[in-house]
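Participant: I'll drop the sequence and a predicted model, then ask my questions.
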Amino acid sequence: MSVKFCRIDDRLIHGQVVTTWVNVHSIEQVIILNEEVEKDKVQSNVLKMSAPSTIKLHIFSPEKFLNVIKKNPISRNTMLLFSSPFDVEKLVNEGYEIPSLNVGGMRVNEERKQYTRAVSLTPEEKASFERLLEKGIDITIQMVPSDSKVKINEVI
């Protein structure tokens with residue numbers, strides 16, 4: 001029992017996450033790691049209502065997560081879910097090991113340049129991914145398990 005899957009998806013909990021990735025990886029628990037979401041009680045409650053009743057959902061800032069797992073090691077098949085590479089970097093910079101990272105949706109907006117159909121990045125997000133790649137993390141873009149994996153360093 002441990003972290004089975006790490007994913008960045010700016011939509012967090014939505015149909016693809018709960019219907020495909022959770023089943024593929026036999027996920028029992030999803031931990032959302034984002035300080036803004038942790039502080040936003042309305043968004044936290046909406047996300048908790050969106051998760052299937054069979055899945056435990058926790059929402060922590062990266063810092064709080066690191067403190068919690070020191071006292072309570074992960075004992076369920078777990079997915080770590082992020083909305084940006086910055087929160088992944090916070091964990092990795094504190095010594096938390098993430099061997100691989102799946103990137104789902106990072107939607108286009110006026111600040112982001114589109115790199116693939118599903119992934120658009122600001123210059124800061126691109127630099128964050130580059131720093132994660134330098135640390136040896138295998139980062140692939142894949143919306144759903146049936147899609148082919150694309151290595152992020154091939155598109156950025």
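Facilitator: Yep, it's here.

Participant: How far off centre is the worst-scoring helix or strand of the chain on mean pLDDT?
Facilitator: The least trusted helix or strand in the chain, going by mean pLDDT, DSSP states H and E, turns out to be helix 15-16, with a mean of 80. Here helix 15-16 shows a centroid-to-chain-centroid distance of 14 Å under the convention C-alpha atoms, centre = their mean, to the nearest Å.

Participant: Touching that helix from outside, list them.
Facilitator: Contacts made with helix 15-16 from outside it, assessed by C-beta atoms under 8 Å, 6 or more residues apart in numbering, are listed as Asp9, Gly104, Met143, Val144. All C-beta spots, glycine's among them, are computed from the backbone N, C-alpha and C.

Participant: Just the buried residues out of those residues, in PyMOL syntax.
Facilitator: A single PyMOL command suffices to select whichever of the contacts of helix 15-16 are buried according to 16 or more other C-beta atoms under 10 Å:
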select buried, resi 9+104+143
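
Participant: Pretty sure Lys48 sits against Lys56.
Facilitator: No. Counting by C-beta atoms under 8 Å, Lys48 does not reach Lys56; the two are 9.9 Å apart.

Participant: Check the spacing between Phe5 and Lys71 real quick.
Facilitator: With the distance defined as C-beta to C-beta, to the nearest Å, Phe5 ends up 23 Å from Lys71.

Participant: so where do the strands sit in this protein?
Facilitator: Taking DSSP state E, the strands of the chain run over residues 3-8, 29-33, 56-60, 78-82, 100-103, 113-114, 120-121, 138-141, 150-151.

Participant: What is the burial count for Phe129?
Facilitator: 26 (other C-beta atoms under 10 Å).

Participant: Tell me which residues touch it, please.
Facilitator: With contact taken as C-beta under 8 Å, 6+ apart, Phe129 is in contact with Pro85, Leu121, Ile139, Ile152, Ile156.

Participant: Give me the angle between the top helix by length along the chain and strand 3-8.
Facilitator: Longest among the helix segments of the chain by residue count, using DSSP state H, is helix 123-134. Angle of helix 123-134 versus strand 3-8, following axes from the mean of the first three to the mean of the last three C-alpha atoms, to 10 degrees, is 150 degrees.
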